[in-house]
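Chemist: Model the structure of this input:
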Amino acid sequence: MSFKQVRGQEQAIRVIQKDLMRKSMAGTYLFTGPSGVGKKFAAINFAKAINCKKKDIDSCDHCSSCQKIDKLNHPDVQVTKAKGDSIKIEQTREIKRGMEYKVYEGKKKVWILEGAEKLTIEAANSLLKFLEEPPSNVVIVLITHSPEKLPLTIVSRCKIVRFSPLSYQQVEEFLKEKNACSSELISLVSRLAKGKIGEAFHLINDEDILREREGVLNKLAKGAVDKEVFEIAKRWSRLEKDKLNRFLDMILFWFRDVLISKLGTKEFIINEDREKELKKIKNRYSFLQIYRCIETVEQTQRYLKANVSPLLALEGMWLKLVY
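Modeler: Okay, here's the model as predicted:
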C-alpha cells in the first residue's frame, strides 16, 4: 500500500509528504477525523515512508522494511490500542521504554497510538511527560475520532493532520474497484456509509444490519402496532453500543430523506431504494413533525451515552415516532 491508496485525503497526505520531503518531521502527530476514513492506513504508510530503504516521501512496498511494517513485525514500529475500554498506564510505560532504546534497523522509531481518546488520565499524564522531550529518533502518531476527549496539554504538543469524510461517489468508486458486492448493494451502502470506507465494509459484512434496516423502514413507512414497537425496543436494548447506534442512524437517515423528498431534491436521498415509499408518505408529516422525529432519535442517542436504561429510552423513542 502507498499514500496513493488512501482515498479522498489528498490534503492530509500533502501535509505528511511535505514533512517527509523537508525531512523535518514533528515529534508527535495527531491524526484526527471520523472513524473509517483511512487514518490508521495513512499512519502505517507514514511509518513505512519514514523507514523505506528506496523512497523518500512514500513507501516502495517492496523493501524489507516496508514488508515488515505491513505485517506489523518491524522492530522499530509499534501499534498500541486499547485493552478493553481504555489505554492503560502500563501500556504507555511499556512503549516508552521501547522508544528510549536506539533504532534497531530503521531510520526512526514510530509509535502509533490507535484510539488515543481512550487514554486513562494516568496514561495521558505518563504520555505527556514523554511528549515534553521526545527522543529525536522517535515519531509518535496519535489517532482519534474524538480529539475533544484528549487533554489540551497533549493536543498542544501535536502537529494536527485532519482527515475528512469521503463523498459517497468516492466510497462507491472504491467498492467497485474492490468488487466488494453486487452493484445494487454498492450504491446503497455507499450512501449509508457516511463517507467512511470502513463503515461501508462493515455494512457489507454484517448482514444483520441491512436485514434489520428492511424491517425498521417497513414499520416507519407503514406504521407499527404496540407489540412490534416493544419487541424492537427489547431486542435493541441488548445490542452493543456501536450496532445500536447504526440502527438509530438508519432512522435518522429515513427522516432526513422524508424531509429531502418534501423539498423535492431527490438526488440527495440516501435510501434510494425506498424512493417510491418516500414519495407516498412525505405529505404524512409536516416540517415540524419531521424535526421532532429527528430530535427524538438524537435525544435517545444522548440518553444512551449518559447510561440511561436502553430499554426505557428505546421504548419512549419508538412510541413517539409511530404515534
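Chemist: Tell me, what's the model's pLDDT at the residue nearest in space to the middle of the chain?
Modeler: In the chain, the centroid-proximal residue (CA atoms, centre = their mean) is S35; its distance is 1.2 Å. According to the model's per-residue confidence, S35 sits at a pLDDT of 90.
Chemist: residues making contact with the longest helix along the chain?
Modeler: The helix of greatest length in the chain, counted in residues with DSSP state H as the criterion, is given as helix 241-263. With contacts defined as CB atoms under 8 Å, 6 or more residues apart in numbering, helix 241-263 is touched by 192, 194, 203, 206, 208-209, 212-213, 216-217, 220, 236, 239, 266, 268-271, 274-275, 278-279, 281-283, 285, 287, 290, 293-294, 297-298, 300-301, 304, 310, 321. Quick note: C-beta positions are derived from backbone N, CA and C, even for glycine.
Chemist: filter these to the buried ones?
Modeler: If you count burial by 16 or more other CB atoms under 10 Å, the buried members of these come out as 192, 194, 203, 209, 212-213, 216-217, 220, 236, 239, 269-271, 274, 278, 281-282, 285, 290, 293-294, 297, 300-301, 304, 310, 321.
Chemist: I figured K194 hits P34, correct?
Modeler: Yes - counting by CB atoms under 8 Å, K194 does reach P34; the two are 7.3 Å apart.
Chemist: any residues in contact with both of those two?
Modeler: Where contact means CB under 8 Å, 6+ apart, the residues bridging K194 and P34 through contact with each are P165.
Chemist: where in this structure is pLDDT low?
Modeler: Segments of the chain classed as low confidence (criterion: pLDDT under 70) are 224-226.
Chemist: Which stretches in it count as strands?
Modeler: For the chain, applying DSSP state E gives strands covering 28-32, 77-80, 109-114, 138-144, 159-162.
Chemist: So what angle separates the directions of the fourth one and strand 109-114?
Modeler: If you take axes from the mean of the first three to the mean of the last three CA atoms, to 10 degrees, strand 138-144 sits at 10 degrees to strand 109-114.
Chemist: Could you spell out the sheet neighbours of strand 138-144, each with its direction?
Modeler: Strand pairing for strand 138-144, determined by DSSP bridges: strand 28-32 (parallel), strand 109-114 (parallel).
Chemist: got JSON lines for the ones you listed, with mean neighbour count and distance to K102 too?
Modeler: Conversion of the strands paired with strand 138-144 to JSON lines gives the following (neighbours: other CB atoms under 10 Å; distance: least, CB to CB, whole Å):
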{"stretch": "strand 28-32", "mean neighbour count": "24", "distance to K102": "20"}
{"stretch": "strand 109-114", "mean neighbour count": "24", "distance to K102": "9"}
